[in-house]
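S.K.: structure, please.
(chains A and B)
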Amino acid sequence: MERIIYRELKSTPKVWGLLAVLAVFIAAAGAVVLYVEHYGHIVTGMDNQIVWGLPHVFAIFLIVAASGALNVASIGSVFGKVAYKPMARLSALLAIALLVGGLAVLVLDLGRPDRLIVTMTNFNFTSIFTWNILLYTGFMVIVAVYLFTQMARGLPSYAVKTAGLAAFIWRLILTTGTGSIFGWLVARQAYDAAIMAPLFIVMSFATGMAIFLLVVMGITRMTGRAFGPELRTRLARLLAIFIAALLYFTTVQHLTNLYAAEHWGIEAFILRDGGIYTFLFWGVQVLMGGFVPMAILFHPRLGKQAAMVVLSSFLVIAGGFAQLYVIVIGGQAYPLDIFPGYEISSSFADGVINSYTPSILELILGLGGVALALAITMIGMKFLRILPNSLSDANVTPKI
Amino acid sequence: MNIPDLKLKGAEIHRRDVLKGGAALATITLAPGVTLMAMGNGVAAAANPGVRWGLLIDAGKCPSDCSACVTACSDEHGWENNGLPTDPQWIRKVTLRDKETGYENTLPVMCQHCENPPCVDVCPTGASFKREDGIVLVDRHTCIGCRYCMMACPFKARSFLAESITDQKPYSPRGKGTVEGCNMCVHKLDRGDGTTACVEACKATGYNAMIFGDMNDPESDISKALASYPSIELRADLGLNLGVRYQNI
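M.R.: Numbers count the residues shown, from 1 in each chain, chains lettered A, B, ... in the order given. Next up, the predicted model:
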């Protein structure tokens, strides 16, 4: 059995080439930010009915996935599964990177991104956004400390375990905060549900694991380092369990609403009459992002094929993205029920299904956040000892 | 050089103080040649905590073809809605149709100035705030344009200003990238008009569908009307205790 040796990425054309491509996306997003700040949000697809749009879907997706990207590290440090420990550094780095990417999108879509300092100097502690500012920055600090404890020489083993436990607890609270952005909104029919917090946590498990799998498979392939099939299959099986859990929470969310007549309107909209939202829910979230990858990954033969694990991970990411699109945009598309029992109309789109077509600007901004997250991960791996020389089964499996 | 103590208590430039105080000016010296100017201390406070400003709207007196209140608000505050989904709308006429009986009537809807406003709860910077006299406002200086308040408002009372504007009314500042909505004509109240642009316009039409006043004063017209006839608040199930009440819906 070989020792686990962590090494920086070598300076290869592939590494720099990928970083250059990511830099183009980041620069494009930067240009979009300046453009939107100059002309105002009038140039985006968002308006006074759909106030949060595609950038928010990207941002929340990345922030939720950030918490889930820490899964592998937590399983190693908190739950003592030795096989996962060699991947813990990458897991922690990816968690920080995804959070930064998501936050960047969120912050740069503000009406006044220049006033970011105001959020640091004026706190309103009844706002979940304020809690989230503290939770997000705290997460970065704690995970950075956790990463440090893993990388520093001579620290006692309990230091890693303690930091890992703190990060694990923090990420659960963090995603509770993210889910509660919607769960605690009493105004809208689609939200106002306590299940949003655990739903988001389970969503983070699934999407974070899918992204982690893709990143670790991609980077080991790009750098020619080994990634053992047994280890990959274990992670893939875990992903399948997370998908099942996400489907379960989604089922409970909708069954609870369907039981109460007051929610029939929003449920009929999402599940039956909502057009794009209904398609995204059944077609992308439930079928393509849920049952299909779950069936593949639980399949005794397919679940062991690298290409199928890649496909399934992409499907889970698409499903999670669709789920957030349905929650964020679909929840706003359905009209507010200001006068229960009445049909209402006005010059301000009361009582009508609001339409939303995201602009290319919003897409570029969102993709810029994804590129930023990947670039931070790449740069981290390039300059720090994050990735082991080998993640082969020979190294990993016997230690279990 | 002896630099004076930098105690800013009582002199911080705070919108609430600015609104309270009107034109009073206080100046402290931070260092020779450097002064910090603060407005708002000294003059009788405009936001009287004993007052709860409110509106009573009689839908029975509000004809479907009249939108004088909307026009008056638009003129007073300088916003324009030309039918685009990005256009702001501080007050709007809503048509209700009973799903079972088909009975129709219309009424204006604006910020309901909740006692427990969800927009104030969710605002991360405290830019959404409630004055002591019950008026819910947006501080344009600390609004970062996150639109969380718009997500949280059960009445869709707020708009996001998505483009640059010119010719602002000096007493009703607005700004691209920030959120805005009905401010109960706070500038008129603070100068002692005792009414709002929409209510004045409604009165001028002769329909008299809107009454404005102090709901804490049992002798005010609004309190007497509320005590004499049945009225409701929108989404009473949310327990927000609104400053706007409706009759004959």
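S.K.: in chain A, which residue is closest to the centre?
M.R.: With distances taken as C-alpha atoms, centre = their mean, the residue of chain A nearest its centroid is residue A:65 (2.3 Å).
S.K.: quick one: distance of the helix or strand harbouring that one to the chain centre.
M.R.: For residue A:65, the host element (DSSP states H and E) is helix A:54-69. Distance of helix A:54-69 from the chain centroid (C-alpha atoms, centre = their mean, to the nearest Å) equals 4 Å.
S.K.: could you say what helices and strands that helix packs with?
M.R.: If you count contacts as 3 or more C-beta pairs under 8 Å, 6 or more residues apart in numbering or on different chains; DSSP states H and E, helix A:54-69 packs onto helix A:88-108, helix A:128-151, helix A:157-183, helix A:196-223, helix A:306-325, helix A:360-383. Every C-beta, even on glycine, is put in place using the N, C-alpha and C of the backbone.
S.K.: quick check: the spatially most central residue of chain B vs chain A, distance?
M.R.: By C-alpha atoms, centre = their mean, the mean C-alpha position of chain B lies nearest to residue B:183, the distance being 1.9 Å. Residue B:183 sits at a distance of 17 Å from chain A (criterion: C-beta to the nearest C-beta, to the nearest Å).
S.K.: contacts only, for that residue.
M.R.: Neighbour list for residue B:183: B:77, B:111, B:135, B:137, B:138, B:172 [criterion: C-beta atoms under 8 Å, 6 or more residues apart in numbering or on different chains].
S.K.: so it, which of the three states?
M.R.: Following DSSP: H, G, I helix; E, B strand; the rest coil, we place residue B:183 in the coil state.
S.K.: for it, give me phi and psi.
M.R.: phi -120, psi 20 (degrees, to the nearest 10).
S.K.: my read: residue A:22 touches residue A:368, true?
M.R.: No - taking contacts as C-beta atoms under 8 Å, residue A:22 lies outside contact range of residue A:368: 9.3 Å.
S.K.: who's more crowded, those two?
M.R.: Per other C-beta atoms under 10 Å in any protein chain shown, whichever of residue A:22 and residue A:368 has more neighbours is residue A:368, with 27 against 21.
S.K.: am I right that that one is in contact with residue A:24?
M.R.: No - the pair residue A:368 / residue A:24 is not scored as a contact, 9.8 Å apart, by C-beta under 8 Å.
S.K.: what residues are up against the closest residue to chain A within chain B?
M.R.: Here chain B gets closest to chain A at one residue, residue B:145, 1.8 Å apart by C-beta to the nearest C-beta. Applying C-beta under 8 Å, 6+ apart to residue B:145 gives the contacts A:110, A:111, A:112, A:115, B:160, B:177, B:178, B:179.
S.K.: other SSEs contacting the host helix or strand of residue A:253?
M.R.: Per DSSP H and E, residue A:253 falls inside helix A:229-259. In terms of contacts (3+ C-beta pairs under 8 Å, 6+ apart), helix A:229-259 is packed against helix A:196-223, helix A:264-268, helix A:292-298, helix A:306-325, helix A:393-396.
S.K.: ok, now with 6 Å
M.R.: In terms of contacts (3 or more C-beta pairs under 6 Å, 6 or more residues apart in numbering or on different chains; DSSP states H and E), helix A:229-259 is packed against helix A:196-223, helix A:292-298, helix A:393-396.
S.K.: let's see the pLDDT reported for residue 123.
M.R.: No chain was given, so I picked chain A. According to the prediction, residue A:123 has pLDDT 95.
S.K.: that answer is for a different chain, and I need it for chain B
M.R.: pLDDT recorded at residue B:123 is 97.
S.K.: cool, residue A:383 as well?
M.R.: For residue A:383, pLDDT reads 97.
S.K.: just residue A:80 next, same as before
M.R.: Residue A:80 is given a pLDDT of 89.
S.K.: that one in helix, strand or coil?
M.R.: Three-state assignment for residue A:80 (three-state DSSP): coil.
S.K.: next, it: phi, psi?
M.R.: Per-residue torsions, residue A:80: phi 70, psi 20 (degrees, to the nearest 10).
S.K.: burial count for it?
M.R.: 10.
S.K.: skip the chain neighbours and tell me the closest residue to residue A:183.
M.R.: Spatial nearest neighbour of residue A:183, excluding adjacent residues (C-beta to C-beta, 6 or more residues apart in numbering or on different chains): residue A:196 at 3.1 Å.
S.K.: show me the contacts for that neighbour.
M.R.: For residue A:196, the contact set (C-beta atoms under 6 Å, 6 or more residues apart in numbering or on different chains) comprises A:179, A:182, A:183.
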